[in-house]
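**Q** Model the following, please.
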Amino acid sequence: MSEAQAISHAVAKLYDTYPFPPEPLLDEPPPGYNWRWNWLTAYQFCSGHKPHRQDIRILDAGCGTGVGTEYLVHLNPQASVVGIDLSSGALSVAKERCQRSGAERAEFHHLSLYDVGQLPGQFEMINCVGVLHHLPDPIRGIQSLACKLAPGGILHIFVYAQLGRFEIQLMQQAIALLQGEHRGDYQDGVKIGRKLFSVLPEDNRIVREDKRRWALENHRDECFADMYVHPQEIDYTIDSLFELIEASGLAFVGFSNPQYWNIERLLGQAPELMEQVENLSEQQRYRLIELLDPELTHYEFFLARPPLDYYDWSDDRLLGSAIPEPNPCLHGWPSPSILNQDYQPVSLSEEQFELLQACNGQHTVNEILAQSQQSLEEMRSLLKQNLILLTPPTGDRHPANP
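**A** Predicted coordinates:
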């Protein structure tokens, strides 16, 4: 058995022992949403506009117990969804989960990411959350996925960030040292890790960080094992992350938490420093942000296979001809008090509420504004807050460049 095969076997054994994620099985669709798993909102994030079709194929690459797969089915009613995973134990849970919640359009295959080429055809959307950093060869993994992404398709990725997981790395190494030759016995690893947390002083740095950030989820052994006794983990910095992205051959679209990557929130009060920032490349700016705010525990971002038409809607004529509709990932709509796609509270003014109600997917922006006597800037405000989707004018073939 090669080293890579041994690592894959060890990872499969972990998830056979502790199927992950351990969310409960429900006899109904899961609550809420993750906009990154909704084809409409994810595509608009990447392209600026609503996709032209919804009858697509979606791949959940490394689906685990099917939590993401289940959402992908329920949030995308016209899509067919395929889930793959290395762990047969996790797949058994995934199949039961989707069967019980009515996610009948999900099909599952016992495959590693390396072998995704065995699946027929390509996919317009690929979801790969928490997987690449557990591969012995992440570059080979991302290249395998890239080969299955259809032209104009998008790939959503989640991988660990090194700086925000420093204390986790320390505990991982401590548990491995104490396990010695028993490393690979994951129940023993959890037992040792639990004991360490129980005896270390309360003011210990590792204990403090666990209580502050992870304790709520880590009371479940499945989560504790995934975090502290995993046999294979690669944590990234911005520089190593972009090496991975470059190896994929795909285009980087952007991080799906753009608020964190806004340098002005850190240095906006120092114009002289902001002038220095202007001399940095985009990647260098990202690196500066993570160095100055090293709380980030993971990177979550989209890649795309060109061609992907992009609209920025800065042209008044173009925006006026678009057809708006409410973002499908709004909790509490219709109401002036809602949660946006990131589950952040939004209080709409009376004018904004009326304007959003008028965005019914039937009329153009100009038609709506003519009836409401409101302005294009107010419609742009709804767009900036991710409260609406926009369908481009019929026949328009002149998108702006990103």
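
**Q** Need the residue closest to the centroid of the chain.
**A** residue 300 (4.9 Å; Cα atoms, centre = their mean).

**Q** Let me see the contact set for it.
**A** By Cβ atoms under 8 Å, 6 or more residues apart in numbering, the contact set of residue 300 is 36, 156-158, 255-257. The way it works is simple: take the backbone N, C-alpha and C, and place the C-beta from them, glycine included.

**Q** Which among the residues you listed count as buried?
**A** 36, 156-158, 256 (16 or more other Cβ atoms under 10 Å).

**Q** Out of those, which sit inside strands?
**A** Cross-referencing these against strands under DSSP state E gives 156-158.

**Q** was I right about residue 316 contacting residue 379?
**A** No: here residue 316 does not reach residue 379: they are 10.4 Å apart, not a contact under Cβ atoms under 8 Å.

**Q** And for residue 386, the neighbour number?
**A** Neighbour count of residue 386, defined by other Cβ atoms under 10 Å: 19.

**Q** still on that earlier bit, can you classify the residue nearest to the centre of the chain as helix, strand or coil?
**A** strand (DSSP: H, G, I helix; E, B strand; the rest coil).

**Q** What residues of stretch 101-109 count as buried?
**A** Result for stretch 101-109 [16+ other Cβ under 10 Å]: buried residues 101, 103, 105-106, 108.

**Q** what's the closest non-adjacent residue to residue 358?
**A** residue 368 (4.7 Å; Cβ to Cβ, 6 or more residues apart in numbering).

**Q** phi, psi of that neighbour?
**A** Dihedral pair for residue 368: phi -70, psi -40, per degrees, to the nearest 10.

**Q** Spit out the contact partners of it.
**A** 324, 355, 358-359, 379.

**Q** got it, and residue 151?
**A** Contacts of residue 151 (Cβ under 8 Å, 6+ apart): 305-307.

**Q** mind giving me CSV with those residues and columns for neighbour count and secondary structure?
**A** Conversion of the contacts of residue 151 to CSV gives the following (neighbours: other Cβ atoms under 10 Å; DSSP: H, G, I helix; E, B strand; the rest coil):
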residue, neighbour count, secondary structure
305, 22, coil
306, 9, coil
307, 10, coil
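
**Q** Following the chain past the helix or strand bottoming out on mean pLDDT in the chain, name the next helix or strand.
**A** Least confident helix or strand of the chain, by mean pLDDT, DSSP states H and E, is helix 215-218 with a mean of 90. Counting by DSSP states H and E, the element after helix 215-218 in chain order, helix or strand, is helix 221-228.

**Q** got a list of contacts for that next one?
**A** Residues contacting helix 221-228 (Cβ under 8 Å, 6+ apart): 14, 17-22, 168, 171-172, 175, 186, 189-190, 193-194, 214, 217-218.

**Q** Could I have the buried ones of the residues you listed as PyMOL selection syntax?
**A** Buried residues among these (16+ other Cβ under 10 Å), as a PyMOL selection:
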select buried, resi 14+17+18+19+20+21+22+168+171+172+175+186+189+190+193+214+218
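
**Q** Next, check the contacts of helix 221-228 against the helices and list the overlap.
**A** Counting by DSSP state H, the contacts of helix 221-228 place 14, 17, 168, 171-172, 175, 186, 189-190, 193-194, 217-218 in helices.

**Q** Return the closest of those residues with respect to residue 205.
**A** Distance to residue 205 across those (Cβ to Cβ) is lowest for residue 171, with 10.4 Å.

**Q** Which two of the contacts of residue 368 have the greatest separation?
**A** Most distant of the contacts of residue 368, by Cβ to Cβ, are 358 and 379, 9.9 Å apart.

**Q** Of the two, give the one with the bigger neighbour count.
**A** residue 379 (27 against 18).

**Q** The residue nearest to that one when sequence neighbours are not counted: what's it in contact with?
**A** Among residues not flanking residue 379 along the chain, residue 365 sits closest, at 5.5 Å (Cβ to Cβ, 6+ apart). Under the criterion of Cβ under 8 Å, 6+ apart, the contact list for residue 365 reads 319-324, 376, 379.

**Q** What distance do you get for residue 365 to residue 269?
**A** 36 Å (Cβ to Cβ, to the nearest Å).

**Q** do the same with residue 214
**A** 32 Å.

**Q** Please apply the same query to residue 56.
**A** 45 Å.

**Q** ok, of the buried ones among the contacts of residue 300, which one's closest to residue 229?
**A** Once Cβ to Cβ is applied, the member of the buried ones among the contacts of residue 300 that ends up nearest residue 229 is residue 158, at 20.3 Å.

**Q** Correct me if wrong: that closest one contacts residue 130.
**A** Yes: assessed by Cβ under 8 Å, residue 158 is found in contact with residue 130 at 5.5 Å.

**Q** can you give me the strands for the protein?
**A** Under DSSP E, the chain gives strands at 57-61, 80-85, 106-110, 123-129, 149-160, 251-255, 298-304, 323-326, 337-339, 345-347, 388-391.

**Q** elements contacting the first one?
**A** The one in question is strand 57-61. helix 67-75, strand 80-85, strand 123-129 (3 or more Cβ pairs under 8 Å, 6 or more residues apart in numbering; DSSP states H and E).

**Q** Compile those into TSV and extend it with columns for distance to residue 278 and mean neighbour count.
**A** Shown next, in TSV, are those (distance: least, Cβ to Cβ, whole Å; neighbours: other Cβ atoms under 10 Å):
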stretch	distance to residue 278	mean neighbour count
helix 67-75	39	25
strand 80-85	44	25
strand 123-129	34	25
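
**Q** mind checking which of these is nearest residue 336?
**A** Taking the helices and strands packed on strand 57-61 one by one with Cβ to Cβ, helix 67-75 is closest: 24.7 Å.

**Q** Could you tell me how many residues sit around residue 44?
**A** 22.

**Q** same thing with residue 141?
**A** Applying other Cβ under 10 Å, I find that residue 141 has 24 neighbouring residues.

**Q** mind listing what it touches?
**A** So residue 141 contacts 113-114, 131-132, 135 (Cβ under 8 Å, 6+ apart).

**Q** measure it to residue 166 for me?
**A** Taking Cβ to Cβ, one finds residue 141 at 25 Å from residue 166.

**Q** now do residue 85
**A** 29 Å.

**Q** Then residue 83?
**A** Computed as Cβ to Cβ, the residue 83 to residue 166 distance reads 32 Å.
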